[in-house]
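Student: Predicted model and sequence follow; I will ask about them next.
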Amino acid sequence: GENVEQHPSTLSVQEGDSAVIKCTYSDSASNYFPWYKQELGKRPQLIIDIRSNVGEKKDQRIAVTLNKTAKHFSLHITETQPEDSAVYFCAASMRRTGRRALTFGSGTRLQVQP
Amino acid sequence: NAGVTQTPKFQVLKTGQSMTLQCAQDMNHNSMYWYRQDPGMGLRLIYYSASEGTTDKGEVPNGYNVSRLNKREFSLRLESAAPSQTSVYFCASSEVGGANTGELFFGEGSRLTVL
């Protein structure tokens, strides 16, 4: 099955700096890579996703890059703000018995210091 | 439009007791999922249902059973709870296929403690 590794587990940055979170996946057949943000005590919510036919996608201050050859993808947050503080999860699609579901990484706790 | 609703939000059980977590979605999604979240381990898939009438095991299915009651509802049952099942459980739903992204919509979570 799919295995997704995520680094770092914690990340502390100063407000205005950039943050980068990296993930690797094992199943070369995976083709959908979303990122979820979970604020303290809340449910995870999708912030950006990318499909395997695209190398990069950007949405305002966040961007995701994908390297299919190396089987890794990254989340980039620029000009970080205190409200970016949360746990971020990467995920990759997996196929079991012909049906797909997501495998998540272990999460990165991002702390943005004012 | 409530999205994904799961009950109960909190539950304390004794070892060996049974319980069912209920989940319902009103977005007409075909696929539904149960994940558990433990510190440092992210979200791990327990079971999922790609469509009404089908269920499949995820990464950590042992000790759990599921029922896809209809298109809206997907329940998770613990037949004999164990302390290792202490966790936060999230139900989610998605629509996939065609131009749909497969975005997961999560419920608020159910915090289960097994003593």
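Tutor: Right, received. Where do you want to start? Numbers count the residues shown, from 1 in each chain, chains lettered A, B, ... in the order given.

Student: C-terminal to the least confident helix or strand in chain A by mean pLDDT, what's the next element?
Tutor: Within chain A, no helix or strand scores below strand A:99-104, which has a mean of 79 by mean pLDDT, DSSP states H and E. Per DSSP states H and E, the first helix or strand lying C-terminal to strand A:99-104 is strand A:108-113.

Student: Which residues of chain B lie near chain A?
Tutor: Neighbours of chain A within chain B, by CB under 8 Å from any CB of the partner chain: B:31, B:33, B:35, B:40-45, B:48, B:50, B:54, B:56-59, B:90, B:96, B:101-104, B:106-109. Using the backbone N, CA and C atoms, a C-beta is placed for each residue, glycine as well.

Student: Contact partners for A:Ala19?
Tutor: A:Leu11, A:Val13, A:Leu75, A:His76, A:Ile77, A:Thr80, A:Asp84, A:Leu110, A:Val112 (CB atoms under 8 Å, 6 or more residues apart in numbering or on different chains).

Student: I'd like those residues written out as TSV, with secondary structure and distance to chain B added.
Tutor: Shown next, in TSV, are those (DSSP: H, G, I helix; E, B strand; the rest coil; distance: CB to the nearest CB, whole Å):
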residue	secondary structure	distance to chain B
A:Leu11	strand	15
A:Val13	strand	21
A:Leu75	strand	15
A:His76	strand	20
A:Ile77	strand	19
A:Thr80	coil	22
A:Asp84	helix	19
A:Leu110	strand	15
A:Val112	strand	21
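
Student: What subset of the residues you listed is buried?
Tutor: A:Leu11, A:Val13, A:Leu75, A:His76, A:Ile77, A:Thr80, A:Asp84, A:Leu110, A:Val112 (16 or more other CB atoms under 10 Å in any protein chain shown).

Student: could you redo those residues as TSV and give each row pLDDT and distance to B:Asp26?
Tutor: Shown next, in TSV, are the buried ones among the contacts of A:Ala19 (pLDDT from 0 to 100; distance: CB to CB, whole Å):
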residue	pLDDT	distance to B:Asp26
A:Leu11	98	36
A:Val13	97	39
A:Leu75	98	31
A:His76	98	35
A:Ile77	98	32
A:Thr80	98	35
A:Asp84	97	31
A:Leu110	98	32
A:Val112	97	35
